[in-house]
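Enquirer: predicted model follows, preceded by the sequence.
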Amino acid sequence: MNYKEIYQKSLHQPEAFWAEQAKAIDWYNTPSVILSEDENGYPLWFKDGELNICYLALDKHIQDGYGEQIAIIYDSPVTQNIKKYTFNEVKSEVARLAGGLISLGLKKGDTAVIYMPMIPQAVFGMLACARIGVTHSVVFGGFAPHELAIRIDDCKPRAIITASSGIEIDRLIAYKPLVDEAIALANHKPKKVIVFNRKLGARVPFKKYDVDYDALVYGSEEVPCVPVNATHPLYVLYTSGTTGKPKGIVRDTGGYAVVLKYSMQYIYGIKENEVFWAASDVGWVVGHSYIVYAPLINRNTTVIFEGKPIRTPDASTFWRVIEQHKVNVMFTAPTAIRAIKKEDPNGEFIKQYDLSSLKTQFLAGERCDLATLEWYLEHIPVPAIDHWWQTESGWPMVANMMGIEKPIIKPGSVGKAVCGYDIKIFNDKGEELSQNEEGYVVIKLPLPPGTLIDLWKDTPRFKAGYLNKFPGYYFSGDGGYKDEEDFIFITGRVDDVINVAGHRLSTAEMEEIVASHYSVAECAVIGINDELKGQIPLALVVNKTGDEIEHFQLEQEIVKLVRQQIGAVASLRNVVIVQRLPKTRSGKILRKLMRTIADGENVQIPSTIDDEDIVEEIIAVLKKYEIGVYNKK
Ligand code: COA
Ligand code: AMP
C-alpha cells in the first residue's frame, strides 16, 4: 500500500490499524480493548493491555540474543570522553538502580524528578523509574531552581535524581546546589536526592537527604520489570503554556510504546541495529522519545551527545560524530544547522568527513527557514526532512513517512499528515478553511496512541487549553495552511509561546518576572525574529512614574532576574523603555502588532487601537536601541 491508502486506513479503521501495530511490541497482557474513553469522554488506547517499556527497551533484546549489541554511545566533547554501553551493561545498571530506588521506598505510582546533564545516567534514571512503574519527570538542566521548584510542587516527587555538575561549553555548572535551592523554595520536600558525582570539581554540598548514585547502584541487586497498565503514566513532561505555570503533559505507556516502534519503522525509516542520533536533550520531548525510548525499543544504537553544534570544539563536531559512530539517521533543530552554517558557510568542515553512513536528516522543533534547508541540501547529499510535532503529541504529526514512500520535499512545508492524525485548518468559528487559507491547525479526535492523555492533576486546564475551543478537535496552538496537494505549512504559534533555539518558552511567564521588577509599571514580552535562534524575547517596559532608573541598569537587572528565575536558556537580552504600550480601547495589549513592527513585517494597525501614534513611538525606540529589523549588525 502507498502512503495515501495507509493513511486513509489509519483514519477510517483506527482500531484495526492500531491493533495491528500493537502486535509489533511484547505485552504481558495483550490488549483486547483497543479504543475506549476515560471518565471525561477522552479517548484512551489499549486500556486493558499490560506491559513494561523498560522491558521492551532492554530485556527483550537480551532475551532475543542481542545483549552484546551497543545500546548507547555516550559522546561528550565537553569532557573529551566517548563510552559505549551494550544492552547487557545498560540493563544491569538500570536493574540495579531500580533495585536501589525500591530500597529507598519508591514504588509503582510514585513520581521522581530527574535533573541531569546529557549523560548516560540520566537515561539510566528514566529507565530505572519505568522498570518499577515510577512516573518520571525530567526537568531540562538549563532551568533555574525556581522553575525546578514549580515542577517539584506540581508532581510531588518522592526522590530527585541529579548529578554533581554539567558543562556548558567552557563553564562548569554545579547542579547539586541548584537542586538544594529548588527544594528549599518548594513546598513539597522530596525524601531523597540521588547524586551522581561526576568528579569534575564542582561544589557538591552534602544534605541529609543525599544518596550517592554509585553506592546505591553497586549496593543493590537487579530487580525485574513491573508490569503496568497501558494507561499508566510513564512520565510527566512540563512544557510552556500561555501562563506562568508550565503544563505537565501526561504520557501513557502502552500507546506510546506502540507508536514509537511504529514511527522508527515508518517515519524515520530506520532498521534495527542501525545508529540513530537525536542531537537534543533528555529534558525535551525529542530526548524522551528519540534519544531514549524509541531507538532502544527499536533495538537501535542511540547517541547521547554532551556538546553543542559549535564551540565544542568547533563547527565540525556533528560531522565528526556521524563519521565516528556511523550514524544512519539524525535528528536536530534548524537552529543547530544555522549555527554551523554561520561558522562554516562554505561547508569546509563537511568535506573533511565521511558521511556515507547517513541516510536521512530530520529537522524539527521550530520553523525551518528556506536558507537553512537549501544550505543543508547543497552541502550534504541526503534528504533533509522537516517534520512537525509537539511535547503534547510525543511523536511526529506531520512528516514525510520515509518508511512508506520516497520523500517529496516541498520547501517550507513540514510534509503531510502522519498516519492517525486527521489534520484540519479551522477559522475562529471552527469552520474548515479552503486550500491555502491560513488558520488554526487542529486535529480531529481521537488523537492516535502515544499522544497526551491529560495534564498532571489538572483535567480542567487540559480541556480548556486543548479541547474546548473546537469541540471534537484537539487545538495545537499553531497556525498554518494546507496546499492543493495536502502538504501542510506551519506558520507559527498563535499564542504566547515562543521558540528560542528550539527551546519552547512562555512570554507570559517572562512577563510575570519582568513585571516583578520594582521600577516596572507595566510590560510586554514578545518573541521577535532572530537570525540564529529563530526567535528571541524582547521586553518592552513602561516605568513607574517618577522612577528615573537608567536604561542600562534596568536592562541588566531584568536580564539577571529572568536568568535567575527561568534560566539562561530564556535568552532575554533586550529590554527597552517605552512611554506606553499599544492597547485596544478595551485595554488589551497588542503584542502581535509590536511583533510585526519589530520584525518589519506588513504592519496592520487594528481598528480597535486606542491611539495610532504609538506605532511611530515604538519604531523610534527600536531604532534607537537597534532591535529587530533595526539591528544594523
Ligand atoms: N544547563 C545550563 N545552562 C544551559 C543549558 C543547560 N543544559 N543549556 C543552555 N544553557 C545556557 C547556555 O549556556 C547559554 O547561557 P549564556 O547565555 O550564559 O551563554 C544560554 O542557556 C542559552 O543557551 P543556548 O540556547 O544553547 O544558546 P547558545 O548561544 O549557548 O548556543 C546554539 C546556540 C544554536 C548552538 C544552541 O542553542 C543549540 O545547539 N541549539 C539546538 C537546540 C536543540 O537541539 N534543541 C532541541 C529541540 S529539538
Ligand atoms: P515543543 O513542544 O517544545 O516540541 O514545541 C512545539 C512547537 O514547536 C510547535 O507547537 C511549533 O510551534 C514548533 N515546531 C515544532 N516543529 C516545528 C516545525 N517543523 N516547523 C515549525 N514549527 C515547529
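Expert: Perfect, thanks for sending it. Residues are numbered from 1 along each chain as shown. Ligands and ions are numbered 1, 2, ... in the order given.
Enquirer: give the bridge partners for Arg504, please.
Expert: Asn499 (DSSP bridges).
Enquirer: tell me which element the nearest residue to Asp530 once chain neighbours are set aside is part of?
Expert: Among residues not flanking Asp530 along the chain, Ile536 sits closest, at 4.3 Å (C-beta to C-beta, 6 or more residues apart in numbering). C-beta here means a position set from N, CA and C on the backbone, and glycine is covered the same way. If you go by DSSP states H and E, Ile536 is part of strand 534-543.
Enquirer: what number of residues lie near Ile488?
Expert: For Ile488, the neighbour count with other C-beta atoms under 10 Å is 23.
Enquirer: which residue ranges of the stretch 351-500 of the chain form strands?
Expert: For the stretch 351-500 of the chain, strands defined by DSSP state E, counting those that start in this stretch occupy the ranges 360-363, 384-386, 398-399, 416-417, 423-426, 439-444, 454-455, 473-482, 488-493, 497-500.
Enquirer: mind listing the strands the second one pairs with, and their directions?
Expert: Think strand 384-386. Partners of strand 384-386 in its sheet, by DSSP bridges: strand 360-363 (parallel).
Enquirer: give me the residues contacting the strand it pairs with.
Expert: Defining contact as C-beta atoms under 8 Å, 6 or more residues apart in numbering, one finds that strand 360-363 is touched by 268-269, 329-334, 337, 373, 376, 380, 382-387, 399, 402.
Enquirer: if you set the cut-off to 6 Å instead, what comes out?
Expert: With contacts defined as C-beta atoms under 6 Å, 6 or more residues apart in numbering, strand 360-363 is touched by 329-331, 334, 382-386, 402.
Enquirer: and the furthest pair within those?
Expert: Pro334 and Met402 (18.4 Å; C-beta to C-beta).
Enquirer: ok so, going back, tell me which of the strands of the stretch 351-500 of the chain lies nearest to ligand 1.
Expert: Comparing the strands of the stretch 351-500 of the chain against ligand 1 with C-beta to the nearest ligand atom, the closest turns out to be strand 497-500 (6.5 Å).
Enquirer: that closest one packs against which elements?
Expert: For strand 497-500, the contact count by 3 or more C-beta pairs under 6 Å, 6 or more residues apart in numbering; DSSP states H and E identifies strand 534-543 as packing neighbours.
Enquirer: and with 7 Å instead?
Expert: For strand 497-500, the helices and strands in contact under the criterion 3 or more C-beta pairs under 7 Å, 6 or more residues apart in numbering; DSSP states H and E are strand 503-506, strand 534-543.
Enquirer: got CSV for these, with mean neighbour count and mean pLDDT too?
Expert: Shown next, in CSV, are these (neighbours: other C-beta atoms under 10 Å; pLDDT from 0 to 100):
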stretch, mean neighbour count, mean pLDDT
strand 503-506, 24, 94
strand 534-543, 24, 96
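Enquirer: what's the closest of those to ligand 2?
Expert: Per C-beta to the nearest ligand atom, nearest to ligand 2 of the helices and strands packed on strand 497-500: strand 503-506, 3.3 Å.
Enquirer: which residues touch the closest one?
Expert: Contact partners of strand 503-506, identified using C-beta atoms under 7 Å, 6 or more residues apart in numbering, comprise 239-242, 391, 496-498, 569-570.
Enquirer: go on, stretch 118-130?
Expert: Residues outside stretch 118-130 that contact it (C-beta under 7 Å, 6+ apart) are 53-54, 57-58, 72, 74, 85, 93-94, 97-98, 101, 112, 114, 116, 136, 138, 161, 163, 196, 213, 234, 281-282, 292, 304-306.
Enquirer: distance from the chain centre to it, please.
Expert: In this view, stretch 118-130 has its centroid 17 Å away from the chain centroid, taken as C-alpha atoms, centre = their mean, to the nearest Å.
Enquirer: going forward can the numbers begin at 700, since that is how I track them
Expert: All set: I'll call the first residue 700, so the last point we hit is now stretch 817-829.
Enquirer: hang on, the residue nearest to Asp1229 packs against Ser1270?
Expert: Yes - counting by C-beta atoms under 7 Å, Ser1270 is a contact partner of Ile1235 at 5.4 Å.
Enquirer: please identify every residue contacting each of those two.
Expert: Residues within reach of Ile1235 and of Ser1270 at once, by C-beta under 7 Å, 6+ apart, are Val1199.
Enquirer: just the strands in the stretch 850-999 of the chain please.
Expert: Under DSSP E, counting those that start in this stretch, the stretch 850-999 of the chain gives strands at 858-862, 864-867, 870-873, 891-895, 909-911, 927-928, 934-938, 946-950, 974-977.
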